[in-house]
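In: coordinates only, sequence not included:
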Ligand code: MUC
Ligand code: MG
């Protein structure tokens, strides 16, 4: 079965409220839906969320690279030749989110062809994941209200708090208010999106000691190599690399240089193929992983849970799977449901992301 045509469809869905963090803010999900059509009539689907402030990719750049650079080289290839497809894309550096979407769409088509869920093809370890909800910048009391509401409505008991603000006291206060208001049984971890220096991060860790925070993600720019290594050595909790490790090679560099001791895996930027490589690297070295959120729609979140639930190491911790709740609408025909703080995989051929065509027509851009 061969790749016949690749579409990159821009669409925009507004957020109910903006999500703010140290490296940017999002008001609209201006994403790209990637569709790979095969000569047998099957269509593989994936979502590409551009994150200009993180990787430099935009909606326009993703469309351009998929349609003008990748598609002409991929059309005619066998859908099963995933390593060849990947090698073709890897001739071009960067553009991780565009590559990730093509990769997931290929896996989706393969699963459909075989009549098997991609979750099972990848590993089929378990059938659901615990959900971690990401809290953007807000005054401390509003953060607590949001977390309490997500606990009550969805049973979510793990929260990633966006930090990285100055003065540091803003985030330190938010940590204290959340811990006091949520009690000791709720997991709280932090993501600074490079907002601090490594030494500021050390100060925050000192001033939040005793709050039981479990991880600190991307505290500073990874280029701050010496101070960051010192932070990793002195931190009582894992220092997670996220945007500093878009590829497996970056993961090796950060782990070997002591810039991180845990890794955030995001299917949106790694697809399933490179995410598997990153996971193998981490489990081989005995390094913890988390399943991260690229501020994904339901289509993207379904890809994350498909991968995360497929392996023991990725399903151990709660995955960041719920920020589609910040969006006014979505494209999935059968919406994702969060029950008792968990999301289930779909036992359908492929990834199981059936698109509501009316919604796509409504939100599609020229
Ligand atoms: C995260 O984990 O950093 C914010 C920016 C981005 O690229 O992803 C999100 C979440
Ligand atoms: Mg992050």
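Out: Yes, it's here. This is a predicted model, so every value here is computed, not measured. Residues are numbered from 1 along each chain as shown. Ligands and ions are numbered 1, 2, ... in the order given.

In: List the contacts of the closest residue to ligand 2 within the stretch 1-150 of the chain.
Out: Using Cβ to the ion, the single residue of the stretch 1-150 of the chain nearest to ligand 2 is residue 21, 8.1 Å away. For the C-beta atoms, the positions are set from N, CA and C on the backbone; glycine is no exception. Residue 21 makes contacts with 136-137, 162, 164, 191, 193, as judged by Cβ atoms under 8 Å, 6 or more residues apart in numbering.

In: Among those, which are located in strands?
Out: With DSSP state E as the criterion, strands contain 162, 191 from among those.

In: can I get the contacts of residue 21 in CSV with distance to ligand 2, pLDDT and neighbour count?
Out: Output for these, formatted as CSV (distance: Cβ to the ion, whole Å; pLDDT from 0 to 100; neighbours: other Cβ atoms under 10 Å):
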residue, distance to ligand 2, pLDDT, neighbour count
136, 12, 98, 19
137, 14, 98, 21
162, 8, 98, 24
164, 10, 98, 25
191, 4, 99, 29
193, 6, 98, 20
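
In: restrict the contacts of residue 21 to those near ligand 1?
Out: Intersecting the contacts of residue 21 with the surroundings of ligand 1, defined as Cβ under 6 Å from any ligand atom, gives 191, 193.

In: Helices of the stretch 101-250 of the chain, residue ranges please.
Out: 118-122, 140-154, 169-182, 198-207, 225-234, 248-256 (DSSP state H, counting those that start in this stretch).

In: Residues in contact with the fifth one: which ones?
Out: So that's helix 225-234. Contact with helix 225-234 is made by 197-199, 201-202, 219-220, 222, 239, 257-261, as judged by Cβ under 8 Å, 6+ apart.

In: Of the residues you listed, keep whichever come out buried.
Out: 197-198, 201-202, 219-220, 222, 239, 258-261 (16 or more other Cβ atoms under 10 Å).

In: and the stretch 201-350 of the chain, which of its residues are near ligand 1?
Out: Contact residues (Cβ under 6 Å from any ligand atom) of the stretch 201-350 of the chain with ligand 1: 242-243, 292-295.

In: ok, those residues vs residue 38, which is closest?
Out: residue 294 (26.2 Å; Cβ to Cβ).

In: What pLDDT does the model give the residue of the stretch 1-150 of the chain closest to ligand 2?
Out: The confidence metric pLDDT takes the value 98 at residue 21.

In: For it, give the beta-bridge partners.
Out: On the basis of DSSP bridges, residue 21 is bridged to residue 24.

In: What of the one 10 residues further on?
Out: Here residue 31 shows beta-bridge partners residue 11, assigned using DSSP bridges.

In: Correct me if wrong: it contacts residue 297.
Out: Yes: assessed by Cβ atoms under 8 Å, residue 31 is found in contact with residue 297 at 6.3 Å.

In: Please enumerate the shared neighbours of these two.
Out: With Cβ under 8 Å, 6+ apart as the test, residue 31 and residue 297 both reach 13, 47, 49.

In: Is the second one in a helix, a strand, or coil?
Out: In other words, residue 47. Three-state call for residue 47 (DSSP: H, G, I helix; E, B strand; the rest coil): strand.

In: Give me the neighbour count for it.
Out: Using other Cβ atoms under 10 Å, residue 47 has 31 neighbouring residues.

In: Model confidence score at it, please.
Out: pLDDT for residue 47: 98.

In: before we move on, what about the one 3 residues further on?
Out: According to the model's per-residue confidence, residue 50 sits at a pLDDT of 98.

In: Then it would be within a helix, right?
Out: No: judged by three-state DSSP, residue 50 forms no part of a helix; its state is coil.

In: what residues are up against it?
Out: By Cβ under 8 Å, 6+ apart, the contact list for residue 50 reads 30-32, 57-59, 61-62, 97.

In: how close does it get to residue 286?
Out: 34 Å (Cβ to Cβ, to the nearest Å).

In: Check residue 43 too.
Out: For residue 43, the distance to residue 286 - Cβ to Cβ - is 40 Å.

In: Next to ligand 2, which bits of the stretch 151-300 of the chain? Give me the list.
Out: Contact residues, the stretch 151-300 of the chain versus ligand 2 (Cβ under 5 Å from the ion): 191, 217, 242.

In: Adding distance to residue 308 as columns, could you present these in CSV?
Out: Shown next, in CSV, are those (distance: Cβ to Cβ, whole Å):
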residue, distance to residue 308
191, 17
217, 16
242, 15
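
In: Report pLDDT for the closest residue to ligand 2 within the stretch 201-350 of the chain.
Out: Nearest residue of the stretch 201-350 of the chain to ligand 2: residue 242, at 3.5 Å (Cβ to the ion). pLDDT for residue 242: 98.

In: Next: residue 253.
Out: For residue 253, the predicted pLDDT is 97.

In: List the residues that contact it.
Out: Contact analysis of residue 253 by Cβ under 8 Å, 6+ apart lists residue 259.

In: Having no further points to raise, I will conclude here.
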